[in-house]
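J.: Need the 3D shape of this:
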Amino acid sequence: MLTRFGYGLASWFRRKLVDPLNLILRRGTEPKQLAFSFALGICLGLFPICGVTVFLCGIAIAVLGSLCHAPTVMLANFIATPIEFSLMIPFLRFGEFVTGGPHFPLSSDAFKKVLTGEASWDVLQSIFHALLGWLVAAPIILGGLYILSLPCFKILVYKFSAAASSSPKKQSSPVTSPKMQTSAITSPRMSFSSTPGEVRLKVREA
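T.: The predicted structure is shown next:
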């Protein structure tokens, strides 16, 4: 059972992450563009409101155009999905620190008030603090991820381009058939230059 689960997880990881990354690297995109697109996708994927990151990535791709690589942005957004949930509370606390506002209590009583609608203003204020925390941290995250991922993408692009160039290609070696050069076989002419010796027979009549 555990082996089957591990095999299924490895197959899903290869199909969703490894194979798309291989396709991206084999297309020969510039490492700077890949690093920027990866950092942008991760940064937008950490947006603290669930279900909005895909639309944000689509807007960024439409605005930036050729400056970013769309498949890399969407792949990075997919990778950042589990990290998004773990950074919601840090963004909330960071936004509260920036504004100096009160801390939103993360207790069972507070969640009951949220569900019953008694703490609607506190919820809106906490959402604002989380958005503000992400907005302040986004440039730092974008720049840091770009600096860290650029050397990695340079190595990966060089490795995949070298592997693609060294792969044996079936080259059709042209078989040059020897030309049947009709050598003019000059048959030596039997030139008999017979020099008739003048045999002068002086017959003396006796």
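
J.: For the nearest residue to residue 92 once chain neighbours are set aside, give me its contacts.
T.: Distance criterion C-beta to C-beta, 6 or more residues apart in numbering; nearest residue to residue 92, sequence neighbours excluded, is residue 130 at 4.3 Å. No exception for glycine: its C-beta is placed from N, CA and C like everyone else's. For residue 130, the contacting residues are 48, 49, 88, 91, 92, 95, by C-beta atoms under 8 Å, 6 or more residues apart in numbering.

J.: Give me the below-cutoff pLDDT ranges for the protein.
T.: Within the chain, the segments meeting pLDDT under 70 span 1-28, 109-119, 162-206.

J.: Select the longest helix from it.
T.: helix 120-166 (DSSP state H).

J.: ok so, going back, quick one: which two of the contacts of residue 130 are the most distant?
T.: 49 and 95 (12.9 Å; C-beta to C-beta).

J.: Now do the shared contacts for these two.
T.: With C-beta under 8 Å, 6+ apart as the test, residue 49 and residue 95 both reach 130, 131.

J.: quick one on the thing from earlier: could you dump the contacts of residue 130 into JSON lines and include secondary structure, distance to residue 33 and neighbour count?
T.: Listed next are the contacts of residue 130 as JSON lines, based on DSSP: H, G, I helix; E, B strand; the rest coil; distance: C-beta to C-beta, whole Å; neighbours: other C-beta atoms under 10 Å:
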{"residue": "48", "secondary structure": "coil", "distance to residue 33": "27", "neighbour count": "24"}
{"residue": "49", "secondary structure": "coil", "distance to residue 33": "28", "neighbour count": "13"}
{"residue": "88", "secondary structure": "helix", "distance to residue 33": "30", "neighbour count": "18"}
{"residue": "91", "secondary structure": "helix", "distance to residue 33": "28", "neighbour count": "23"}
{"residue": "92", "secondary structure": "helix", "distance to residue 33": "33", "neighbour count": "23"}
{"residue": "95", "secondary structure": "helix", "distance to residue 33": "32", "neighbour count": "25"}
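
J.: ok, residue 149 touching residue 41?
T.: No - with contact defined as C-beta atoms under 8 Å, residue 149 does not reach residue 41; the gap is 10.7 Å.
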